[in-house]
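*Asks:* whatever this is, show me its structure:
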Amino acid sequence: MEKEFKALGTDIYFQLVCDESLKEKARQNLMAAQAFYFLAEKIFSRFDGNSELSRLNQNLGKFLKVSPHFLAVARKIIDWHNLSEGIFDPRVIGVLEKFGYVKDFKQIEFFFDAIPKNDVFGIMTNDLADDLIIRDGEILFNQRMDFAGIAKGYITDMAGEMLRSAGFENFLLDSGGDMLAKGVDSRGEDWKIDIEGIAVEKILLVLRNEAVATSGIGKRKWQSGEKRFHHLIDPKNPENFSFDLQSVTIIAKTAEEADFWAKVLFLKGKVDGKKLALENKLKAIFLDYRSNVWVSSEMKNNIQ
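*Replies:* Modelled structure (predicted):
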């Protein structure tokens, strides 16, 4: 069974494999998973002025009660930030907005302003733990945040857990390129997908109870005069937009983890990103600006 819809600013696709006798149960559970995506949008969207994220961004310095999902992602954000040594930072929202990224990318009109260096760096000089404070079921923001870095992966994983808990073992969830694959496809084989953006050579990824995410600039890049921009901001050097990579693709156990590493490796750049992938034994594919492809040794068993 299949379901397609739009949420989180992207195209969502579900495919669930089951016996004929379970089709009605499958249909109901796919609808429940879809409803969860719509709920998550109202929690995490920075483009919805009434979302939980927006309420916190509009009430800096105040503790507000939040939902369990928001609380869970906030805790994960801090953990991932620490693991990345600050490369992964939800406070880059300020930089994005100064470059005009204030609406969903499909609707946006960009207005480019010169960004005072001190202003940009002032957004992220504090320790994240001082700007994102968790107390019981409440959260306080001292700086505005955007949780998009892992929210989509988290939502995908949670929807997968909903289906698994309902007794389904074989399904694929695609949240605009963040994919979670469980079990086998309708032919009883491992799930196989194309890698986003790679057209020079045909590469199929094989997913065995794994997730995949790609971080890149194929869709979200723009230019003003001679200056080029994209949506992936390095918090340690926010005025520098590297174009040595087109994308990084990661396979991991969860969509959230794949999402995190794809972004961090992209921001680290071609040389340092590969080094980090090797150090952490990651399943990674790098596509550079000349369309050269680099595959980590751990990834090779997932390529057909």
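*Asks:* which stretches in this structure count as helices?
*Replies:* For the chain, the helices defined by DSSP state H occupy 23-44, 52-57, 68-83, 93-98, 117-123, 128-131, 148-165, 255-279.
*Asks:* give me the low-pLDDT residue ranges for the stretch 101-250 of the chain?
*Replies:* 101-125, 196-202, 218-243 (pLDDT under 70).
*Asks:* residue 25: how many residues sit nearby?
*Replies:* 14 (other Cβ atoms under 10 Å). From N, CA and C alone the C-beta is placed, and that goes for glycine too.
*Asks:* neighbours around the closest residue to it other than its chain neighbours, how many?
*Replies:* Residue nearest to residue 25 in three dimensions, not counting chain neighbours: residue 166, with 7.3 Å by Cβ to Cβ, 6 or more residues apart in numbering. Neighbours of residue 166 under the rule other Cβ under 10 Å: 16.
*Asks:* quick check: phi and psi at residue 166.
*Replies:* Residue 166 adopts backbone torsions of phi -80, psi 0, taken as degrees, to the nearest 10.
*Asks:* one more: residue 290?
*Replies:* Here residue 290 shows phi and psi, under degrees, to the nearest 10, equal to phi -100, psi 10.
*Asks:* quick one: it and residue 301, what's the gap?
*Replies:* Computed as Cβ to Cβ, to the nearest Å, the residue 290 to residue 301 distance reads 26 Å.
*Asks:* with residue 213 instead?
*Replies:* From residue 213 to residue 301 the distance is 18 Å (Cβ to Cβ).
*Asks:* what about the two, which has more around it?
*Replies:* Between residue 213 and residue 301, residue 213 has the larger neighbour count (other Cβ under 10 Å), namely 30 against 11.
*Asks:* for the more buried one, which non-adjacent residue is closest in space?
*Replies:* Using Cβ to Cβ, 6+ apart, the nearest residue to residue 213 is residue 258, at 3.8 Å.
*Asks:* ok, residue 36 next?
*Replies:* Nearest one to residue 36, counting by Cβ to Cβ, 6+ apart, is residue 159 at 5.6 Å.
*Asks:* equivalent analysis for residue 69, please.
*Replies:* Residue 69's closest residue in space is residue 43 (Cβ to Cβ, 6+ apart), at 5.7 Å.
*Asks:* please apply the same query to residue 138.
*Replies:* Counting by Cβ to Cβ, 6+ apart, the residue nearest residue 138 is residue 63, at 4.2 Å.
*Asks:* contacts only, for the one you found.
*Replies:* 133, 135, 138, 139, 140 (Cβ atoms under 8 Å, 6 or more residues apart in numbering).
*Asks:* what's across from the third one in the sheet?
*Replies:* What that stands for is residue 138. Taking DSSP bridges, one obtains residue 65, residue 135 as the residues bridged to residue 138.
*Asks:* just checking, it touches residue 65?
*Replies:* Yes: contact criterion Cβ atoms under 8 Å: residue 138 and residue 65 qualify, at 5.5 Å.
*Asks:* joint contacts of those two?
*Replies:* By Cβ under 8 Å, 6+ apart, no residue touches both residue 138 and residue 65.
*Asks:* hmm, back to that, the residue nearest to residue 213 against residue 212, yeah?
*Replies:* Yes: in this structure, residue 258 is within contact of residue 212 by Cβ under 8 Å, at 5.7 Å.
*Asks:* those two: which is more packed in?
*Replies:* residue 258 (30 against 27).
*Asks:* report the distance from stretch 45-56 to the chain centre.
*Replies:* 17 Å (Cα atoms, centre = their mean, to the nearest Å).
*Asks:* and the contacts of that stretch?
*Replies:* 8-9, 41-44, 57-58, 64, 66-67, 70, 93, 103-104, 139-141, 145-148.
*Asks:* cool, stretch 294-304 as well?
*Replies:* Taking Cβ under 8 Å, 6+ apart as the rule, stretch 294-304 contacts 192, 203-208, 210, 251, 274, 277-278, 281-286, 288.
*Asks:* now, which of the residues you listed lie within strands?
*Replies:* Among the contacts of stretch 294-304, the members falling in strands (DSSP state E) are 192, 204, 205, 206, 207, 210, 251, 283, 284, 285, 286, 288.
*Asks:* redo those residues as CSV? Include distance to residue 295 and neighbour count.
*Replies:* Putting the ones in strands among the contacts of stretch 294-304 into CSV (distance: Cβ to Cβ, whole Å; neighbours: other Cβ atoms under 10 Å) gives the following:
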residue, distance to residue 295, neighbour count
192, 16, 13
204, 13, 11
205, 10, 22
206, 13, 16
207, 16, 19
210, 16, 21
251, 11, 28
283, 9, 23
284, 8, 26
285, 5, 24
286, 8, 22
288, 12, 14
